[in-house]
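**Q** Next input, structure requested:
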Amino acid sequence: MLKSLIFPVANKLVLQPVGRLTRGMTLGTRGVVRDAAGRMLVVRQRYSKGWIFPGGGVDRGEAPIAAVKREMVEETGVRLQGELVMHGLFSNHDNFPGDYVAVYIANSFQDGPGKPSLEITERAFLDPSEISEDCSAGMQRRLDELAGKRRISDIW
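**A** Residues are numbered from 1 along each chain as shown. So this is what the prediction gives:
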């Protein structure tokens, strides 16, 4: 219980400001994984509300594709296989100035045991309509783009 309260505060008050001071720009990744039934893999993070595609920050010297593969295993236990397709690169300046998010689509994956962690509280394969009930505006834009309901935006 205490960890679930401390991490969001530390993230907002320490980790993000330190990242801002040590980097002029930050780059994150998100991975889109669909199962055979068309459901999408999503997670809940301790420090944000709603469902989001798994992913995270790109480390210095790391390629974005390597980062999304690493983050996917760390957050969900899922191993991405085969070629990934870039869906888009998005400006996340409204939430975190200088931040960008690269979204990749995986066409093949191997599921593994996902377990709650300090960062991730839940993971699930959900129908896009279920995700839409509880997600951010940026996540909703990605869902609409992936469903062909809107053009790809440059804003997260």
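**Q** wait, Gly55 sits on Glu71?
**A** Yes. Assessed by C-beta atoms under 8 Å, Gly55 is found in contact with Glu71 at 5.0 Å. Bear in mind the C-beta positions are built from the backbone N, C-alpha and C, glycine included.
**Q** And the longest helix that the chain contains, what's buried?
**A** Taking DSSP state H as the criterion, the chain has its longest helix at helix 64-76. Across helix 64-76, burial judged by 16 or more other C-beta atoms under 10 Å covers 64-65, 67-72, 75-76.
**Q** elements contacting that helix?
**A** If contacts are counted by 3 or more C-beta pairs under 8 Å, 6 or more residues apart in numbering; DSSP states H and E, helix 64-76 sits against strand 26-33, strand 40-45, strand 55-57, strand 79-91, strand 99-110, strand 120-126.
**Q** For the shortest one, which helices and strands make contact with it?
**A** In other words, strand 55-57. Contacts defined by 3+ C-beta pairs under 8 Å, 6+ apart place strand 55-57 against strand 26-33, helix 64-76.
**Q** and the angle for the last one with strand 79-91?
**A** Meaning helix 64-76. Orientation of helix 64-76 against strand 79-91 (axes from the mean of the first three to the mean of the last three C-alpha atoms, to 10 degrees) gives an angle of 110 degrees.
**Q** Over to the first one?
**A** Taking the same axes, to 10 degrees, strand 26-33 and strand 79-91 form an angle of 130 degrees between their directions.
**Q** Can you name every helix or strand that strand 26-33 contacts?
**A** strand 40-45, strand 55-57, helix 64-76, strand 79-91, strand 99-110, helix 137-146.
**Q** let's go with 10 Å and repeat that
**A** Applying 3 or more C-beta pairs under 10 Å, 6 or more residues apart in numbering; DSSP states H and E, one finds that strand 26-33 contacts helix 16-22, strand 40-45, strand 55-57, helix 64-76, strand 79-91, strand 99-110, helix 137-146.
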